[in-house]
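J.: Structure for this input, please:
(chains A and B)
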Amino acid sequence: MPNDAIAADPRYARRPPTRGMTLSWRDPTVRNIVWQVLILGAVAFVVWWLVSNTMRNLEVRRIATGFGFLGREAGLPIGEAMVEYSPADTYARALLVGVLNTLRVAVIGAVLATILGTIVGIARLSRNWLVSRLAAVYVEVLRDLPLLLQLLFWYGLMQALPGPRQSLNPFGNVFLSNRGIKFPWIVWEPAHTAALLAFVAGIAATWALARLFRARQFATGQRTPIWPYALGLIAGLPIAVWLLMGAPWTVDVPALRGFNFSGGGTVSPEFAALLLGLVLYTAAFIAEIVRAGIQAIHNGQWEAAGALGLSRGDQLRLIILPQALRVIVPPMTSQYLNITKNSSLAVAIGYQDIVSIANTTINQTGQAIEGIAIIMMVYLTISLSISAFMNWYNARIALKER
Amino acid sequence: MTPPPAEAATMGQASAAFVPAEERRPPSLSVGPIGWIRANLFNSWASTAVTLVLGYLIIRWTLGFLDWAVFNAVWSVPGTGQAVNTTACREMKGIGACWALIGEKYRFILFGLYPFDEQWRPAVCIAIFVGLYVVSAMRRFWRRELLFIWIAALTVIGILMWGGVFGLPYVEQERWGGLIITLILSTFGIALAFPLAIFVALGRRAHNLPAVKALCVVYIELIRGVPLISLLFMASVMFPLFLPEGMNIDKLLRAQIAIILFAAAYLAEVIRGGLQALPRGQYEAAEALGLSYWQKTGLIILPQALRMVIPPLVNTFIGMFKDTSLVLIIGIFDLLNAAKTSIIEPAWQGFGTEAYLAVAAIYFVFCFAMSKYSAGLETEFNRHRNR
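T.: Residues are numbered from 1 along each chain as shown, chains lettered A, B, ... in the order given. This is a model prediction of the structure:
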């Protein structure tokens, strides 16, 4: 029916009755507004009370305010820094070192925990009773003990190692002592950086090629094996680049000089204990997520894949895991957030992450509010970034519905 | 056409009496313990190899651990207190465990610096806490009266711990420590965070109160975005600045408030899950009955929504129980801190493994019981699904 016909119809000429502007407690709109004003008012009052108390206290105790201290010389020594740092640098730079240390342990920890957790999660579903029981015991024990307890335990074990002179030597030129883990490391030269870049480029090229091949398979049904190209691009290309640039290869072997080792690469006991604790703890949770994700897939999917003649490994890789990922990704996000937040326990064993350095800053400057605000801002930024990335990834792999 | 006589005879026989073939037992290699072992440990050459390697490693490590923890362990050392002589332990270091440490320090680890003669009081409190958990776990007590049991039990615990009445000597809070602190922080944390969490979860779902909803969203996301440590630091160094001059609350209470605020944000998200999972019809039916918002929420929505999320709630409780150990970082004497402190004396230095294993066993008992309970409830609630 055309619009003007509706307008012409006398039945539509009647307007709904309008309510007068009477302020009544029975009106839900009025009630909602009153409630909101009351609640917000109460919260605002409490905040105002706390802020005014704080202002007065800061004045009485003569505590400086503002972020001016960031530009001052920190004078705090940092054991391991990923960027150039000396105690003569500013607080801002010390805090930056702390953020980088947090990110380092969180990123490496997340990658290792994902690998270990996936292995343990799949092992829990193994048909071998011994394997599945062992995985179950691992998950139950590690999940039910506080992370801080585990960190202190590992750190205690690291410190109980003998000194550098009597260090353990499990294999090759790797030395375990209470100063950390020492291992041979090549002397880094531009050729290595170039090879690393070639490696990354090789991965990107393989990915693009895989897409191309898949598109061709969809179009023509012809399958092209990807692995020879992958091998050439990912392994061959970096080696070729490295050979072309003169193949520099000087290994720096750790050697005992006096009371400590010199040369080689080092992992500090603090970092090793923190990483070990975080990875073992988080992997237990990830294992449960992976197991639940795989079990959520209907048994018929396994059977159908088996009926197609796929091997059990191919069934898992091609049929089950892509579907299980949809169940796995959302809880995995919270595990990545957890590992980042849990890395703040570093302060208990002396690894200098952002919390530890901000804490020292608070003790040196007395500016607690600014210090804690910095810690919170850093974690909020990291948390929101991880959430945003994982939401994007989740949307990408989600079931495409019409 | 008539069939040949021979054929007719056989047919007649078959229809007259069916004689089943003799019952045969399944092959002996596929049933019983042997069959089970074949199917679960040695069903392919890869599986066999894994079983053999793992079996060897497990037996070796178990024997090694038993050697260390039982056969070579030192169970007692001469002397006590300052005059203790730990040479026996030092000689066996790395070969045998020094359980003498636990024998000497278990009262410190459990009760902290609580006056020695009064330590029966925290011991009774621990028993009350455990009784409270057991009672709350039983479905037959899931009634309104449970609330009164909780209030009564927590009051009794308060009286016992502080004393100062009924002839019990007063014990200041600075001297409390050990397991009881862990139980107090986690139990009060959950008990007080729970009502707050319900209000925050309802606030987040209140679409007709946009300002309240925004407030709840900001609260939840802010707390969940930062580590508990930062909140505990805030409690330990910033709270004193928040209060008016002269007003001071002690450190344990400040940490308790931080834990309550932290737990409430996580619990609120779990409860919100239950509120969202409830079918819309329940809300509409309650409104159709003319119930007010609070009647609707209290009588119809919450009883069903909370019931649905009990398993994840228990998992949050486990997380909170473990997280109370973080108060160690701001110097509160909980169970973990007591273990850490027990090995500070020179005589006991270096026996951290023993101390940590002992408290690990305590944490494990509590968390494992809760996690088994939660798994059991989940199976029970899902029974209608797997028939």
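
J.: for the helix or strand hosting residue A:48, which positions count as buried?
T.: Taking DSSP states H and E as the definition, one finds residue A:48 inside helix A:28-60. Across helix A:28-60, burial judged by 16 or more other CB atoms under 10 Å in any protein chain shown covers A:32, A:36, A:50, A:53-54, A:57-58. Where you see a C-beta, it was placed from the backbone N, CA and C, and this is true even at glycine.

J.: likewise stretch A:289-304?
T.: Neighbour-count burial for stretch A:289-304 flags A:289-291, A:293-294, A:297, A:302 (criterion: 16+ other CB under 10 Å).

J.: Check whether residue A:234 really touches residue A:201, as I assumed.
T.: No. At 9.6 Å, residue A:234 does not count as touching residue A:201 under the criterion of CB atoms under 8 Å.

J.: Show me what the helix holding residue A:48 is packed up against.
T.: Identification of packing neighbours for helix A:28-60 by 3 or more CB pairs under 8 Å, 6 or more residues apart in numbering or on different chains; DSSP states H and E yields helix B:210-225, helix B:239-242.

J.: Let me have stretch B:197-209 in CSV, keeping just the CA atoms, if that works.
T.: Once non-C-alpha atoms are left out, stretch B:197-209 reads as follows in CSV (Å, rounded to 0.1, in the frame of the first residue of the first chain):
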residue,chain,number,x,y,z
ALA,B,197,30.2,-9.2,42.1
ILE,B,198,26.4,-9.8,41.8
PHE,B,199,25.7,-6.1,41.8
VAL,B,200,28.4,-5.3,39.3
ALA,B,201,27.2,-8.1,37.0
LEU,B,202,23.6,-6.9,37.2
GLY,B,203,24.9,-3.3,36.6
ARG,B,204,26.7,-4.4,33.5
ARG,B,205,23.5,-6.0,32.2
ALA,B,206,21.3,-2.9,33.1
HIS,B,207,20.7,-1.6,29.6
ASN,B,208,18.2,1.0,30.8
LEU,B,209,20.8,2.6,33.1
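
J.: Could you pull out the buried residues of that stretch?
T.: By neighbour count, and taking 16+ other CB under 10 Å as the criterion, the buried residues in stretch B:197-209 are B:197-198, B:200-206, B:209.

J.: Next, format those residues as JSON lines and append pLDDT.
T.: As requested, the buried residues of stretch B:197-209 are exported to JSON lines (pLDDT from 0 to 100):
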{"residue": "B:197", "pLDDT": "93"}
{"residue": "B:198", "pLDDT": "93"}
{"residue": "B:200", "pLDDT": "92"}
{"residue": "B:201", "pLDDT": "92"}
{"residue": "B:202", "pLDDT": "91"}
{"residue": "B:203", "pLDDT": "90"}
{"residue": "B:204", "pLDDT": "88"}
{"residue": "B:205", "pLDDT": "86"}
{"residue": "B:206", "pLDDT": "84"}
{"residue": "B:209", "pLDDT": "86"}
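
J.: For residue A:230, give me its contacts.
T.: Residues touching residue A:230, when contacts are defined by CB atoms under 8 Å, 6 or more residues apart in numbering or on different chains, comprise A:206, A:209-210.

J.: Can you turn the buried part of those residues into a ChimeraX selection?
T.: Here is the ChimeraX command that selects the buried residues among the contacts of residue A:230 (16+ other CB under 10 Å):
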select /A:206
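
J.: As CSV, the contacts of residue A:230 with pLDDT would be great.
T.: Conversion of those to CSV gives the following (pLDDT from 0 to 100):
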residue, pLDDT
A:206, 90
A:209, 89
A:210, 87
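
J.: and the longest helix seen in chain B, average pLDDT?
T.: When every helix of chain B is counted residue by residue (DSSP state H), the longest turns out to be helix B:352-381. Confidence for helix B:352-381, expressed as mean pLDDT, is 87.

J.: again with stretch B:156-176
T.: 79.

J.: quick one: buried residues of that stretch?
T.: Going by neighbour count (16+ other CB under 10 Å), the buried part of stretch B:156-176 is B:157, B:160-161, B:163, B:171, B:176.

J.: Using PDB, list the CA coordinates for it.
T.: Coordinates of the C-alpha atoms in stretch B:156-176 are reproduced here as PDB (Å, rounded to 0.1, in the frame of the first residue of the first chain):
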ATOM      1  CA  VAL B 156      33.700 -17.400  66.000                       C
ATOM      2  CA  ILE B 157      36.900 -17.300  64.000                       C
ATOM      3  CA  GLY B 158      37.200 -13.600  64.600                       C
ATOM      4  CA  ILE B 159      36.700 -14.100  68.400                       C
ATOM      5  CA  LEU B 160      39.200 -17.000  68.500                       C
ATOM      6  CA  MET B 161      41.900 -15.200  66.500                       C
ATOM      7  CA  TRP B 162      41.800 -11.800  68.300                       C
ATOM      8  CA  GLY B 163      40.700 -13.000  71.700                       C
ATOM      9  CA  GLY B 164      40.400 -10.400  74.400                       C
ATOM     10  CA  VAL B 165      37.000 -11.800  75.500                       C
ATOM     11  CA  PHE B 166      35.900 -15.000  77.300                       C
ATOM     12  CA  GLY B 167      39.300 -15.200  79.100                       C
ATOM     13  CA  LEU B 168      41.200 -15.500  75.800                       C
ATOM     14  CA  PRO B 169      44.300 -13.300  75.800                       C
ATOM     15  CA  TYR B 170      44.300 -10.700  73.100                       C
ATOM     16  CA  VAL B 171      46.600 -11.400  70.200                       C
ATOM     17  CA  GLU B 172      47.400  -8.500  67.900                       C
ATOM     18  CA  GLN B 173      47.000  -9.000  64.200                       C
ATOM     19  CA  GLU B 174      50.700  -8.500  63.400                       C
ATOM     20  CA  ARG B 175      51.400 -11.900  65.000                       C
ATOM     21  CA  TRP B 176      49.000 -13.900  62.900                       C
END
